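Colleague: Need a 3D model of the sequence below.
(chains A and B)
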2 protein chains.
Amino acid sequence: MDLSTLETPCLILDKGKLKNNIDRLHKRMAKLGVNLRPHGKSAKNMDVMTMALEVQSGGITVSTLKEAEYYFSHGITDIVYAVGIAPVKMKRIVGLIKKGADITVLLDSIEQVTFVAEAGRKNGVTIPALIELDCDGHRSGVTLEDSLLLDIGRLINNEKGVSLAGVLTHAGESYQCKSTDEIKAMAETERAMAVKCAEILRQDGLPCPIVSVGSTPTANFAEDLTGVTEVRAGVFMFYDLVMAGLGVCDESDIAISVLTSVIGHQKRKGWVITDAGWMALSRDRGTAAQKVDQGYGLVCDADGAPLKDLIVSGTNQEHGIISARQQRELPLESLEIGSMVRILPNHACATGAMYDRYYVTDGSTAIVDVWHRVNGW
Amino acid sequence: MDLSTLETPCLILDKGKLKNNIDRLHKRMAKLGVNLRPHGKSAKNMDVMTMALEVQSGGITVSTLKEAEYYFSHGITDIVYAVGIAPVKMKRIVGLIKKGADITVLLDSIEQVTFVAEAGRKNGVTIPALIELDCDGHRSGVTLEDSLLLDIGRLINNEKGVSLAGVLTHAGESYQCKSTDEIKAMAETERAMAVKCAEILRQDGLPCPIVSVGSTPTANFAEDLTGVTEVRAGVFMFYDLVMAGLGVCDESDIAISVLTSVIGHQKRKGWVITDAGWMALSRDRGTAAQKVDQGYGLVCDADGAPLKDLIVSGTNQEHGIISARQQRELPLESLEIGSMVRILPNHACATGAMYDRYYVTDGSTAIVDVWHRVNGW
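Modeller: Numbers count the residues shown, from 1 in each chain, chains lettered A, B, ... in the order given. Predicted coordinates for the structure are as follows:
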């Protein structure tokens, strides 16, 4: 099967680029002496995660319990569910543990310790919990100065049904950095804060085996990870225009793209209309705040070579509008009605979420595999 | 089953509001003497479309061939596929026609007429085609002044394998209107342009049985639809914050919402963290350009009553951040960790797209049904 026979819109995954991206970060982590715990939230697919675990198998991270159950059903037992835990999720957590999963939950409040411990005791299991740390004001977590850190740590240690696995933080603000020097500094802030919190717990006589940090930008620019036991990252497998805009990867590293058909020309407006709207590309506009705004995505030819100046400047539900970044004539002869182009996405996770499968290529336009995604919760 | 036992995030559909919204637009259309051809792109579900077709059954509109095949498998034969046709889609179009579907394609170029006619001839079928008109510069379509209208009409009429079904336009720019008077004017522009184009074709001796217009805003404010044979609308079934911001509906009409669990408090920042991030709400920020920016959605209590001043001000993949629009203390006592709230979406189609099912309520928090969605292409 060749790419040109696929129905559009659909999601293309370049296996060679995927492999290179995975190898590169694994080598970095090996050099820094830290385990990589790949995040399954971007891939949502076992074939991808198998590649991500080939070099070193230190377990995975997930963003939904559906991912946890899916990856566990494929033989992965060491799983960190890296979203703050809610009461309605305890039944499935307990179910996974009873089946043999080593799943760890995340929390940053006394209330969560209480209901996790209760669920553990009621079901005769001990649920490992990581304390979430806020290293950069990005979203959840306790701060270094907050007495809550010790309060939560002590409560977990005293309660039956729950055990203290360590600390976890995510430098989500690294996505907003304006230079790679800023990302380097952010990586050190992330590391230092997590290590300090681990020390506070240990000095209080509490266990803290895991010191988990990570984001794709900080993982790529950290220069020292002393005291850290594992790094989490997900989007590095695919990369995207936001990461390229941050300087974390090159556009040529981006492993996923959306294949779309040209369905019209609006010559007087300089528009080419395609069948990849926001339903196919997602509403993500992550490059809008970056130096180069890529619209809803960068246009490539059907072989995947960027048509440098062309972006998807607008979308409706099932319509994309391609136009030139600089006002100029569009190369309509290479964008004929009925022909196909490919779009590099702003955000691989958001664009991937619109699809139930990847059409996998490997160095040509031949489709060598179809890999399914586990969406939803 | 009660809503409080559902796992979060999930999508809630209020059947009573759905019914009221459908009834209201049907009554409008009946008063204006025009058939409503409901768009299946928002619902992506047969139970909803059955309700939308109860009053008058004049066929449906779809945005994907997957919708077309799904609705056809449930007994709907009269289907307009309202996205410009591409060559890779002809096989499924022909397949539907051969099975007995009365499916009409949309086009606005000579190239499309050529490949549609060829597919029809090659497969021994005649494919009905509507000419897409551009009434407002929104995206696709030929303009009133463009000789392409007659060129396409004549070519369709001369070719075997394709037949001229009429004209279709969509006043997509109505979503940008600043007042209901503007929407009224837009509705008249949409009507007048479509009717004039139909006249041009008819004066040339060409058939033009269908004059199809529509968008939810213009359908709601059109005062005269003389010459129009059908109105298409989709989001009117559910409504959303964008439609409320336009004055097309009230917030209390919005039939869908996302149920989410509170998973944390960041008191020093005035944030409540939930498990409904952009994966659950979509990245749609349609109210950003409106008078009242609703962030990623308006927060309601678990019964669906808006907590007026609270919006989802930020999202990550699986995290939502609730804060007050005006800087003030959050009512944390009614947003306890582990409790549930509901989020009204900016854009029903985009938020719906993140889910494979609706949990249906009808006047209480009891779940009376589960309705599945047909996502993808």
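
Colleague: Tell me the residues on the stretch 1-150 of chain A that lie near chain B, please.
Modeller: Contact residues (C-beta under 8 Å from any C-beta of the partner chain) of the stretch 1-150 of chain A with chain B: A:5-10, A:41, A:63-65, A:83-89, A:92, A:108-109, A:111-112, A:115, A:132, A:134, A:137-140. All C-beta atoms are positioned from the backbone trio N, CA, C, and that covers glycine.

Colleague: In helices only, show me those.
Modeller: A:41, A:65, A:92, A:111-112, A:115 (DSSP state H).

Colleague: Now do the SS call for the closest residue to residue A:165 other than its chain neighbours.
Modeller: Once flanking residues are discounted, residue A:165 sits nearest to residue A:128: 4.1 Å by C-beta to C-beta, 6 or more residues apart in numbering or on different chains. Here residue A:128 is strand, with the state taken from DSSP: H, G, I helix; E, B strand; the rest coil.

Colleague: in the sheet, who's paired with residue A:11?
Modeller: The partner list for residue A:11 in beta bridges (DSSP bridges) reads residue A:258.

Colleague: Verify the contact between it and residue A:258 for me.
Modeller: Yes. Using C-beta atoms under 8 Å, residue A:11 is in contact with residue A:258, at 6.1 Å.

Colleague: what's the overlap in contacts for these two?
Modeller: Residues touching both residue A:11 and residue A:258 (C-beta atoms under 8 Å, 6 or more residues apart in numbering or on different chains): residue A:351.

Colleague: So for those two, which sits in the more crowded spot?
Modeller: Neighbour tally, residue A:11 and residue A:258, criterion other C-beta atoms under 10 Å in any protein chain shown: the higher count belongs to residue A:258, 28 against 22.

Colleague: Is that one in contact with residue A:352, as I believe?
Modeller: No. Residue A:258 is beyond contact range of residue A:352, at 9.9 Å (criterion: C-beta under 8 Å).

Colleague: shared neighbours of these two, which are they?
Modeller: Contact criterion C-beta under 8 Å, 6+ apart; residues shared by residue A:258 and residue A:352: residue A:11.

Colleague: Please report how far the closest residue in space to residue A:312 that isn't next to it in sequence lies from residue A:74.
Modeller: Among residues not flanking residue A:312 along the chain, residue A:296 sits closest, at 3.9 Å (C-beta to C-beta, 6+ apart). With distances taken as C-beta to C-beta, to the nearest Å, residue A:296 is found 33 Å from residue A:74.

Colleague: When the two are compared, which one has more neighbours?
Modeller: Each of residue A:296 and residue A:74 has its neighbours counted (other C-beta under 10 Å); residue A:296 has more, 29 against 12.

Colleague: Tell me the buried residues in the biggest helix by length in chain A?
Modeller: Secondary structure of chain A per DSSP H: the longest helix is helix A:180-203. Of all the residues in helix A:180-203, those buried under the rule 16 or more other C-beta atoms under 10 Å in any protein chain shown are A:182-184, A:186-195, A:197-198, A:201.

Colleague: secondary structure class for residue A:49?
Modeller: Assignment for residue A:49 (three-state DSSP): helix.

Colleague: which residues sit in contact with it?
Modeller: Counting by C-beta under 8 Å, 6+ apart, residue A:49 touches A:38, A:40, A:43, A:60, A:71, A:76.

Colleague: how about 7 Å then?
Modeller: Going by C-beta atoms under 7 Å, 6 or more residues apart in numbering or on different chains, residue A:49 touches A:38, A:40, A:43, A:60, A:71.

Colleague: how far away is the last one from residue B:366?
Modeller: Per C-beta to C-beta, residue A:71 is found 34 Å from residue B:366.

Colleague: Same question for residue A:107.
Modeller: Using C-beta to C-beta, one gets 31 Å for the distance from residue A:107 to residue B:366.

Colleague: still on that earlier bit, filter the contacts of residue A:49 down to just the ones in strands.
Modeller: The strands, defined by DSSP state E, take in A:38, A:60 from the contacts of residue A:49.

Colleague: Where neighbours are concerned, which of the contacts of residue A:49 has the most?
Modeller: The most crowded member of the contacts of residue A:49, judged by other C-beta under 10 Å, is residue A:43 (30 neighbours).

Colleague: That residue and residue A:237 touch, don't they?
Modeller: Yes. In this structure residue A:43 lies within contact range of residue A:237 using C-beta atoms under 7 Å: 5.9 Å.

Colleague: What parts of the stretch 201-350 of chain A come near chain B?
Modeller: A:261, A:263-265, A:273, A:275, A:278-279, A:282-284, A:316-319, A:321, A:337-338, A:349-350 (C-beta under 7 Å from any C-beta of the partner chain).

Colleague: Mind checking which of those residues land in helices?
Modeller: Those of these lying in helices (DSSP H): A:278-279, A:349-350.

Colleague: and chain A, what are its domains?
Modeller: Structural domains assigned to chain A are A:3-10+A:255-372, A:34-236, following automatic domain parsing.

Colleague: What segments of the stretch 201-350 of chain A are strands?
Modeller: Using DSSP state E, counting those that start in this stretch, the strands found in the stretch 201-350 of chain A span residues A:210-213, A:230-233, A:256-266, A:271-274, A:298-301, A:306-315, A:320-324, A:340-344.

Colleague: So what touches the second one?
Modeller: Strand A:230-233 has contacts (C-beta under 7 Å, 6+ apart) with A:25, A:29, A:34-39, A:58, A:61, A:82, A:210, A:212-216, A:219, A:225.

Colleague: That strand: partners in the sheet, and parallel or antiparallel?
Modeller: Here, using DSSP bridges, strand A:230-233 pairs with strand A:35-38 (parallel), strand A:210-213 (parallel).

Colleague: now it, how far from the centre of its chain.
Modeller: Put simply, strand A:230-233 sits 11 Å off its chain's centre (C-alpha atoms, centre = their mean, to the nearest Å).

Colleague: for it, what is the average pLDDT?
Modeller: Strand A:230-233 carries an average pLDDT of 97.

Colleague: Show me what counts as buried in whichever strand or helix holds residue A:19.
Modeller: For residue A:19, the host element (DSSP states H and E) is helix A:15-32. For helix A:15-32, the neighbour count (16+ other C-beta under 10 Å) marks A:15, A:17-19, A:21-22, A:25-26, A:28-29, A:32 as buried.

Colleague: same for that helix, what does it pack against?
Modeller: Judged by 3 or more C-beta pairs under 7 Å, 6 or more residues apart in numbering or on different chains; DSSP states H and E, helix A:15-32 is in contact with strand A:35-38, helix A:46-52.

Colleague: does the nearest residue in space to residue A:45 that is not next to it in sequence belong to a helix or a strand, and which?
Modeller: In this structure, residue A:45 finds its nearest non-sequential neighbour in residue A:371, 4.9 Å apart by C-beta to C-beta, 6+ apart. According to DSSP H and E, residue A:371 maps onto strand A:367-372.

Colleague: What strands line up against that strand, and which way round?
Modeller: For strand A:367-372, the paired strands and their directions (DSSP bridges) are strand A:357-361 (antiparallel).

Colleague: quick one, the strand it pairs with and strand A:256-266 angle?
Modeller: Note on geometry: by axes from the mean of the first three to the mean of the last three C-alpha atoms, to 10 degrees, strand A:357-361 and strand A:256-266 are set 100 degrees apart in direction.

Colleague: picking that back up, the helix holding residue A:19 versus strand A:357-361: what angle between them?
Modeller: Comparing the axes of helix A:15-32 and strand A:357-361 via the same axes, to 10 degrees yields an angle of 90 degrees.

Colleague: got the contact list for helix A:15-32?
Modeller: Under C-beta under 7 Å, 6+ apart, the answer for helix A:15-32 is A:35-36, A:48, A:51-52, A:55-56, A:219-220, A:222, A:225, A:231, A:233, A:236-239, A:253, A:255, A:360-363, A:368.

Colleague: For PyMOL, what selects the buried ones among these?
Modeller: Burial among those is assessed by 16+ other C-beta under 10 Å; the matching PyMOL selection reads:
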select buried, chain A and resi 36+48+51+52+219+220+222+225+231+233+236+237+238+239+253+255+360+361
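
Colleague: Nothing else from me, thank you.
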